[in-house]
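Visitor: Here you go, sequence then predicted model.
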Amino acid sequence: MSATTIPTRYSFAHGGKDSIPYPVDKKTYDQSIELLSKAISKTKLGLEEKKEALDRLNRVRSR
């Protein structure tokens, strides 16, 4: 699988506002995942919804 086909290697979330994906290094990617994880934990969602959201985030992390 080439670097451009790995969805986590290039991301619009860290740039790419000009429709060109921005390459994301592992450290930045991990920091973003951690920030999202903390945000999910602080929401007013029920425990089941939080668990599902964190599970989905962990699946993305393991790619």
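Guide: Perfect, thanks for sending it. Residues are numbered from 1 along each chain as shown.

Visitor: any low-confidence regions in this protein?
Guide: Along the chain, segments meeting pLDDT under 70 span 1-17, 19-21, 63.

Visitor: Could you identify the helix or strand that succeeds the helix ranked longest in it?
Guide: Ranked by residue count under DSSP state H, the longest helix found in the chain is helix 26-42. Per DSSP states H and E, helix 26-42 leads on to helix 47-61 as the next helix or strand towards the C-terminus.

Visitor: Which elements pack onto that next one?
Guide: On a contact count with 3 or more CB pairs under 8 Å, 6 or more residues apart in numbering; DSSP states H and E, helix 47-61 meets helix 26-42. Every residue, glycine included, has its C-beta placed from N, CA and C.

Visitor: what packs against the helix it packs on?
Guide: helix 47-61.

Visitor: Show me which residues of stretch 43-55 are buried.
Guide: Buried residues in stretch 43-55, counting neighbours by 16 or more other CB atoms under 10 Å, are found at Ala53.
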